[in-house]
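Asker: here are the coordinates; sequence isn't available:
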Ligand SMILES: O=C(O)C1=C[C@@H](OP(=O)(O)O)[C@@H](O)[C@H](O)C1
Ligand SMILES: C=C(OP(=O)(O)O)C(=O)O
């Protein structure tokens, strides 16, 4: 997961490849709760692992449920209708699918429970559910603002004879909560009557479908009246597989529809759900097709590619697909004409006021947006030249972050900044990694920051920190030479001109991996070994051999991957990435560098002297600067930084400021 302050998406061009999506949030949280309420053991496969499911799992564990997790498989020993723990404080994050059904279940079972969430959760309404539960004799108090979490739940005095009325026009999750919890107390049949127009109906279908998998057959008359049958009891299905998330699929369906294809045959294949999904958001496909997407499907897969281009504008009632409809609003940027998405008032009470947020962020690209109480209307920029770009504020709303990543396909080829990308953790922690695995762009669009400089100038530390703050890949090119030197020495090759051909051959076939802070060669960890002074000297020798340098060029280029690269070395800016948009040449006095290295070695328990280190450094500088193949020197367009008197933080901030100065946002 990207945990940076922002991620800058380079202009994207094509899309193609296969992706397996994580499990459905709506299904995962429902089946976790149902498995906990019933008796016996349930094994759930492909469960979503995200903030929303973690709060549900943590709550169930606190309530005394025995849960074992292995990867995405969760085995739950049901509570059999009563929590083992009757007193608890449960933190629900911002998960509507956790707090609403749990409120209903705990209020019916009784105890002393506090339910709270993040500040936004305390602005999301729950009054309609509380009103319904109070009709049944449940004890629920608002401990903050009336109508909103946090809540205190006490011991009920149940009266179940009269039909329960619940409003359905703010969120369908209130009805879902009652349907899932009432079987706990349904000694007699219990009738629920929906007051007002029921919104987001397909989510009720998911609820009914999953209740049926747990042995509860709800009878319904239209969308107005639901009956929980007398004497019904949850029965574990034993094993259940969770489909991939249809709302998460919308971003990839849209990418397939928007992305140009160089060959005409590229498509995105999505694994984990098919057109027969039980999730309502699967009907996003129809909307995407109406806009021009080409979609085919089979059992458990979807395949999408560009159909009509530019996309066609649509005018659509989106009440049945409230979450995926946000993706349509961004697709509208690529459509000819004005797209209107209607009947989406519920957007205003979700993770943020989504109508206001979408309008504000879409305008950053030059779109004309009209918003109303329950609709949004998007007219794209008139021509590529009218496109602008911006830094997208994400309001701690995962869907804003995910859907605006699609703006990186803009015809003006602007990069797009997404702020606080980790907000995707609510439902899709690895969203950006997944996106980068199926979208492509020309290498020249992928930014590289080169950090070159002499030995012990601190470039490794600087480069690593830049990469981690920007969410970029890291190339430690010095390590490649060190690994080559190590492998050559291990193979008994001469580290001079006589061994040049053999070392170059070997270098082209090296099996190298950088994993976290570790370096691996042929399946063995060599992190410490390649950092030894002796290996450093050998690296300096092999790096003077021009055929070895050539052999390592393709390998170094392969590190230029989305969303960007920080490359640390000696010829990154001059030879390997001459087109890099930012090149930094780092220096520090020999005195300073010798002292830094001295401290490093002494702290690792390696005895040495300052004088000998300084002499080695100067010898190495002289050799690196005078070699005929790629001598160490600043690129013409490099910015020089002498960090003798700068802290690491100051150096990092200086480079980040230079980088920011080059951005269009
Ligand atoms: O029941 C569910 O799983 C959901 C219902 C919908 O909410 P509303 O019913 O509040 O529209 C949807 O937006 C949410 O992401 C998940
Ligand atoms: C509205 C959403 O979430 P929640 O389940 O918290 O309502 C959503 O995921 O878009």
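Answerer: Here it is on my side, so go on. Keep in mind that this is a model prediction, so the values were computed, not measured. Ligands and ions are numbered 1, 2, ... in the order given.

Asker: what does the lowest-mean-pLDDT helix or strand in the chain contact?
Answerer: Here the helix or strand of the chain ranked lowest by mean pLDDT, DSSP states H and E is strand 512-515, holding a mean of 76. Residues outside strand 512-515 that contact it (CB atoms under 8 Å, 6 or more residues apart in numbering): 474, 476, 479, 480, 483, 519, 520, 521, 555. (C-beta placed from N, C-alpha, C; glycine too.)

Asker: want to throw the residues you listed into JSON lines with distance to ligand 2 and neighbour count?
Answerer: Formatted as JSON lines, these follow (distance: CB to the nearest ligand atom, whole Å; neighbours: other CB atoms under 10 Å):
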{"residue": "474", "distance to ligand 2": "33", "neighbour count": "18"}
{"residue": "476", "distance to ligand 2": "39", "neighbour count": "22"}
{"residue": "479", "distance to ligand 2": "42", "neighbour count": "23"}
{"residue": "480", "distance to ligand 2": "43", "neighbour count": "24"}
{"residue": "483", "distance to ligand 2": "45", "neighbour count": "25"}
{"residue": "519", "distance to ligand 2": "40", "neighbour count": "22"}
{"residue": "520", "distance to ligand 2": "38", "neighbour count": "15"}
{"residue": "521", "distance to ligand 2": "44", "neighbour count": "21"}
{"residue": "555", "distance to ligand 2": "41", "neighbour count": "17"}
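
Asker: Point out where the protein drops to low pLDDT.
Answerer: 261-265 (pLDDT under 70).

Asker: Spell out which residues of it are next to ligand 2.
Answerer: 94, 95, 96, 97, 323, 350, 351, 399, 427 (CB under 6 Å from any ligand atom).

Asker: excluding its backbone neighbours, what's nearest the fourth one?
Answerer: Once flanking residues are discounted, residue 97 sits nearest to residue 29: 4.0 Å by CB to CB, 6 or more residues apart in numbering.

Asker: circling back: just how off-centre is the least confident helix or strand of the chain within its chain?
Answerer: 23 Å (CA atoms, centre = their mean, to the nearest Å).

Asker: Restricted to helices, list the contacts of strand 512-515.
Answerer: 479, 480, 483, 555 (DSSP state H).

Asker: For those, which two are the farthest from each other?
Answerer: 479 and 555 (11.4 Å; CB to CB).

Asker: rewinding a little: out of the residues of the chain next to ligand 2, which comes closest to residue 601?
Answerer: Comparing the residues of the chain next to ligand 2 against residue 601 with CB to CB places residue 427 closest, at 47.6 Å.

Asker: ok, now which ones touch the residue of the stretch 401-550 of the chain found nearest ligand 2?
Answerer: Closest approach between the stretch 401-550 of the chain and ligand 2, counting by CB to the nearest ligand atom: residue 427, at 5.6 Å. By CB under 8 Å, 6+ apart, the residues touching residue 427 are 22, 25, 48, 50, 51, 52, 245, 247, 248, 398.

Asker: Check residue 1 too.
Answerer: So residue 1 contacts 422, 424, 425, 429, 430, 432, 433 (CB under 8 Å, 6+ apart).

Asker: Phi, psi for the second one please.
Answerer: Per-residue torsions, residue 424: phi -70, psi -10 (degrees, to the nearest 10).

Asker: Kindly list the main-chain dihedrals of the nearest residue to it once chain neighbours are set aside?
Answerer: Of all residues not flanking residue 424 in the chain, residue 431 sits nearest, at 4.2 Å (CB to CB, 6+ apart). When read as degrees, to the nearest 10, the backbone of residue 431 gives phi -60, psi -50.

Asker: got a list of what residue 431 touches?
Answerer: 248, 251, 398, 401, 402, 405, 424.

Asker: Inside helices: which ones of those?
Answerer: Using DSSP H, the contacts of residue 431 in helices are 248, 251, 398, 401, 402.

Asker: Ligand 1 contacts on this structure?
Answerer: So the chain meets ligand 1 at 26, 96-97, 171-173, 176, 199-200, 203, 322-323, 346 (CB under 6 Å from any ligand atom).

Asker: Show me those residues that map onto helices.
Answerer: Filtering the residues of the chain next to ligand 1 for helices - DSSP H - leaves 26, 96, 97, 173, 176, 203.

Asker: Domains of this protein: list them as residue ranges, please.
Answerer: Domain ranges of the chain: 6-22+243-441, 25-241, 442-472+563-618+627-665, 478-559, per automatic domain parsing.

Asker: Tell me where the stretch 401-550 of the chain has strands.
Answerer: Taking DSSP state E, counting those that start in this stretch, the strands of the stretch 401-550 of the chain run over residues 416-419, 439-440, 448-452, 473-476, 512-515, 518-521, 524-525.

Asker: Same list, the ones you listed, but as a markdown table with distance to residue 559 please.
Answerer: What follows is those, written out as a markdown table (distance: least, CB to CB, whole Å):
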| stretch | distance to residue 559 |
| --- | --- |
| strand 416-419 | 22 |
| strand 439-440 | 16 |
| strand 448-452 | 9 |
| strand 473-476 | 4 |
| strand 512-515 | 9 |
| strand 518-521 | 14 |
| strand 524-525 | 20 |
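
Asker: Relative to ligand 1, how far out is the spatially most central residue of the chain?
Answerer: Nearest to the mean C-alpha position of the chain, by CA atoms, centre = their mean, lies residue 431 at 3.1 Å. The gap separating residue 431 from ligand 1 is 16 Å, by CB to the nearest ligand atom, to the nearest Å.

Asker: In the stretch 1-150 of the chain, what residue comes closest to ligand 2?
Answerer: residue 96 (2.7 Å).

Asker: Okay, residue 436 and residue 244: tell me how far apart.
Answerer: Residue 436 is 19 Å from residue 244, where distance means CB to CB, to the nearest Å.

Asker: what does residue 390 give?
Answerer: 31 Å.

Asker: list the contacts for the closest residue to ligand 1 within the stretch 201-350 of the chain?
Answerer: Relative to ligand 1, the nearest point of the stretch 201-350 of the chain is residue 203 (3.7 Å; CB to the nearest ligand atom). Neighbouring residues of residue 203 by CB under 8 Å, 6+ apart: 26, 172, 173, 176, 280.

Asker: In this structure the second one contacts residue 208, no?
Answerer: No - the pair formed by residue 172 and residue 208 falls short of the contact definition of CB atoms under 8 Å, at 11.6 Å.

Asker: Between these two, which has more neighbouring residues?
Answerer: residue 172 (27 against 17; other CB atoms under 10 Å).

Asker: List the buried residues of the helix or strand containing residue 35.
Answerer: Element membership for residue 35, per DSSP states H and E: helix 25-37. Neighbour-count burial for helix 25-37 flags 25-37 (criterion: 16 or more other CB atoms under 10 Å).

Asker: now swap in stretch 103-114 and tell me
Answerer: Neighbour-count burial for stretch 103-114 [16+ other CB under 10 Å]: 103, 104, 105, 106, 107, 108, 109, 110, 111, 113.

Asker: Farthest pair within those?
Answerer: The largest distance within the buried residues of stretch 103-114, taken as CB to CB, falls between 104 and 111 and amounts to 13.6 Å.

Asker: Please name the nearest non-neighbouring residue to residue 443.
Answerer: Distance criterion CB to CB, 6+ apart; nearest residue to residue 443, sequence neighbours excluded, is residue 560 at 5.3 Å.
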